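1. I would like the atomic coordinates for the input below:
(3 chains)
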Amino acid sequence: MFFKLTPTTGQPLYLQLMQQIRHAVETGALRDGEQLPGIRTLAEELVVSPNTVAKAYSELEHEGLLEMRHGSGAFVCVKRRTRSLADQVQIARRRLRDIIERLREDGLLDEEIRRAFEAELLYPAEMVRKR
Amino acid sequence: MLWYKAWLETRSRFLISLATLTLFSAIFVEHAQGLLRPEWKSDFNRLLFVNQQFLVIMWILSVVLLGMGGIVREKATGISSLTLALPVSRQRLVGVRVGVGVLEATILGVVPWIAVFFVSFFARKPISITQVASYVLLLLGGGIIYFALAVLVSSLVSGEYSAPAVAFGIVLLAAMLFDAWLRQLNVWRLVTGDLSINRSTYLLSEHLPWLGILCSMSAASLMVVASIIVVQRRQF
Amino acid sequence: MTDEAVILTQALAKTYRNAEAVRALNLSVGRNRITAFLGRNGAGKSTTIKMLLGMLRPTSGSGTVIGWEITNAKENCELRRRVAYVAEDKPLYGYMTVEQTIRFASSFYPDWRKDMEKKLLKDYELPPERKVKTLSKGMRTKLALLLAFARRPNLLILDEPSEGLDPVGIEHLLQTLVAQSAEGVSIFFSSHQIDEVERIADQVCILEKGCLLVDASLDNLRQFYRRIDLVFPSAPSEREFRIAGVERIQAVSNRLSVFASKNAEAVIERAHDLNAVSVEVAPVGLRDIFLETVKER
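-> Next comes the predicted model:
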């Protein structure tokens, strides 16, 4: 499993892991029915707290992406909702690609674009509507 | 395995002392006959008495050294955290150390005299077992107080070298004080047999100073109890 | 994960003649978690740990470790049977050989695991016949760690475990800690290596001058601590930004740098209300959180 967790990016590690697992499912790196490494195994491999892995698996199970089978481990379980979500993500990424290209043409550096995104993302949904 | 640890810690001191005391006694008794004057009555018995004098000095030296160590000394050398983290009471830590020390002190008192017994047996000047036993009893019963003193000092004084210095200092001081003012209570005279020796036959009397021995052993016990209390209350 | 506290103290304090080493400490370390104990030298970390293990008597207050009272000598003895501790100076008996040390230590703990002992002996490449006083510092550190890791205690307390280890050794240490945690061992360790802490800790406690300043999960710290750099057309009023969650404000002419432990959105909103020319938000790493927190005092 090629996951890379960065402790310094301001995002809880379990969220990063969840994103990366979701990404792996979206791009097909993880297929429906495939088994993920056990909590202990993955924790030792990534050298992170087992609680991080456990929380990520637990949240993903809650979302329906993973199925925890008692005694055997965590299995990928791609539901129809997740599949359409994967399509939505593909569309969103194409839109983002256009925006980023335009910003680059305007003369912004990638670092500036990233920080602008960060700042904007901090606005929760309601606040944006208010503005 | 606390006994094993205490043994490892005292092993060298003990074996060197044992070798020294035993060899000294055997050689002394074997060869020192030449030093005796023919006009001295009961020459061989006197030899044994002189042997006890030397033995006492060496034995006290050895047991004071054996009494060194313990958890307070470990703090000075930086390893007390390991011992204190063990699931054993401080009482047991002191108790085991004292137990091992008493066993070693006993062997140090018994073995040299056994060597003397056999040396004189083979030199065709056998000595009575009672005499040997008496000397041993006086040494151990009266002398154990020195070991207890060493244990108490080592639980109060924390330096690696200051503890033995203080211990020997007290032994010397006590010897001088008792010799000057309290001759009757001088444990040194008890231990060396000075109180019980018959100056004409140079045999130890049948009536050993039991009271003196009892007092000495009681004082030794009190010192050990005090050591335990000191260690229990100490903060590391 | 259960919320039972494996270490719990109530107003634990230790005062020496001239200083308060630990003040009214209310520590709560959760079970089945990896908790890091950060603090400057002399902040009181080792003093706290020694009080927990019965080596020092608290001046006031009380505490329990895995349910046993720390101030009761008998109970403290019992808890030490189920707790593995490695002191900062990695103490070992120089006169024992590696093998004797292991045999000695293992005789006290029913939770000793021979399989783990053999594995670690091989991993650490420790020569069984060598006397401890002839070992290098790195090997002594590894042996001291082995005595704790070859067990399955309820709680593992480590004081600066990675000191004396090379990077390979540190990586192996972290993996071992993670493996122990996965087996249900609660871990409480103090460290100056903030990078290590950031990777494996679930919870962080920051101690400064005997007081607990921060006690939070690393997830929360990551999610909420932010540094917000603002540029205004003219010198702004600092007072406008003293909102809940703001820990520090640094002002240089028309620039403000705000360090917030939460509520970054409110700061940004206020900045926009005051017509900020530039708003930049960045996450704060644990090192900066630590430095800012202890600077405050």
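2. In three-state terms, label the closest residue to A:R69 other than its chain neighbours for me.
-> Spatial nearest neighbour of A:R69, excluding adjacent residues (Cβ to Cβ, 6 or more residues apart in numbering or on different chains): A:F75 at 6.2 Å. Glycine gets a C-beta too; all of them are placed from N, C-alpha and C. The local conformation at A:F75, judged by DSSP: H, G, I helix; E, B strand; the rest coil, is strand.
3. I'd like to check which residues are in contact with A:F75.
-> For A:F75, the contacting residues are A:G33, A:E34, A:Q35, A:L36, A:L66, A:E67, A:M68, A:R69, by Cβ atoms under 8 Å, 6 or more residues apart in numbering or on different chains.
4. Which per-residue confidence value corresponds to it?
-> We have a pLDDT of 88 for A:F75.
5. ok, now B:L35?
-> So B:L35 comes in at 61 (pLDDT).
6. what does chain B put close to chain C?
-> B:1, B:4-5, B:8-9, B:78-82, B:84-90, B:232, B:235-236 (Cβ under 8 Å from any Cβ of the partner chain).
7. Helices - which of these land there?
-> Assigned to helices by DSSP state H, the following of those qualify: B:Y4, B:K5, B:L8, B:E9, B:S80, B:S81, B:L82, B:L84, B:R90, B:Q232.
8. Out of these, flag the one nearest to chain A.
-> B:S81 (26.8 Å; Cβ to the nearest Cβ).
9. Would you mind confirming that that closest one is in contact with C:A87?
-> Yes - proximity of B:S81 to C:A87 meets the contact threshold set by Cβ atoms under 8 Å, at 3.6 Å.
10. still on that earlier bit, select only the buried ones of the contacts of A:F75 in ChimeraX?
-> In ChimeraX syntax, the buried subset of the contacts of A:F75 is picked out as below (16 or more other Cβ atoms under 10 Å in any protein chain shown):
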select /A:36,66,68
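11. The contacts of A:F75 in strands, which ones?
-> Here DSSP state E is the test, and these give A:L66, A:E67, A:M68, A:R69 as lying in strands.
12. What's the separation between the first one and chain C?
-> According to Cβ to the nearest Cβ, to the nearest Å, A:L66 stands 18 Å off from chain C.
13. Bridged to that residue, which residues?
-> Assessed by DSSP bridges, A:L66 has beta-bridge partners A:V76.
14. what's the pLDDT at it?
-> Value for A:L66, per-residue pLDDT: 88.
15. do the last one as well
-> Each residue has a pLDDT score; the one for A:R69 is 84.
16. buried sites along stretch C:97-111?
-> For stretch C:97-111, using 16+ other Cβ under 10 Å, the buried residues are C:T97, C:V98, C:Q100, C:T101, C:I102, C:F104, C:A105, C:S106, C:F108, C:Y109.
17. cool, stretch C:49-60 as well?
-> C:I49, C:K50, C:M51, C:L52, C:L53, C:G54, C:M55, C:L56, C:P58.
18. and the fifth one, what is it in contact with?
-> By Cβ under 8 Å, 6+ apart, the contact set of C:L53 is B:L84, B:A85, C:V65, C:I70, C:N76, C:R80, C:V83, C:Y85, C:I157.
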